[in-house]
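In: no FASTA, just this:
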């Protein structure tokens, strides 16, 4: 019998958390973090389909805020891996790529990335260049 592949949900940085650890969307003309709140709420709805959730952001405050948001929405804190990175898509993905050295048990997992259109083209380029198996 073939062993089931585990899947990890990775949430790329949705922006800076506000005082209550929610993620307000920025105005449409600043689409850099458009969809941050929607992204985090979507993660809450689908998290139970995943072995782990990796939250990736540009600072300890951002990933900490993401983790608090998820925990406040009843996600098991032992399933959440925080990953600080440079504050851009390439920095997020580079840190994610290197996480397999820290967590060898994740090497054979499938990775789903939850983000928005802003990150889309870079994610596709990274997939082709580094993660051919994705």
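Out: Sure, I can see it. Keep in mind that this is a model prediction, so the values were computed, not measured.
In: Show me the helices in this protein, by range?
Out: All helices of the chain, identified by DSSP state H, fall at 36-46, 60-72, 89-102, 117-130.
In: Now do the shortest one against helix 60-72, angle only.
Out: To tie it back to what came earlier, the one meant is helix 36-46. 40 degrees (axes from the mean of the first three to the mean of the last three C-alpha atoms, to 10 degrees).
In: Now do helix 36-46: distance to the chain's middle.
Out: Relative to its parent chain, helix 36-46 has a centroid offset of 10 Å by C-alpha atoms, centre = their mean, to the nearest Å.
In: swap in the second one?
Out: Distance of helix 60-72 from the chain centroid (C-alpha atoms, centre = their mean) equals 11 Å.
In: helices and strands around that helix, which ones?
Out: Packing contacts for helix 60-72, counted by 3 or more C-beta pairs under 8 Å, 6 or more residues apart in numbering; DSSP states H and E, involve helix 36-46, strand 52-57, strand 80-84. Yep, even glycine has a C-beta here, placed from its N, CA and C like the rest.
In: Going by neighbour count, which residues in that helix are buried?
Out: 62, 63, 64, 65, 66, 67, 68, 69, 70 (16 or more other C-beta atoms under 10 Å).
In: Can you tell me what sits against it?
Out: 11, 13-17, 21-23, 40, 43-44, 47, 53, 55-57, 77, 80, 82-84 (C-beta atoms under 8 Å, 6 or more residues apart in numbering).
In: winner for burial among the helices and strands packed on helix 60-72?
Out: Highest mean neighbour count among these (mean count of other C-beta atoms under 10 Å): strand 52-57, with a mean of 24.
In: Which helix or strand in the chain has the lowest average pLDDT?
Out: Least confident helix or strand of the chain, by mean pLDDT, DSSP states H and E, is helix 117-130 with a mean of 70.
In: okay, now residue 76: neighbour count?
Out: The number of residues packed near residue 76 is 12, by other C-beta atoms under 10 Å.
In: Okay, it and residue 120: tell me how far apart.
Out: The gap separating residue 76 from residue 120 is 29 Å, by C-beta to C-beta, to the nearest Å.
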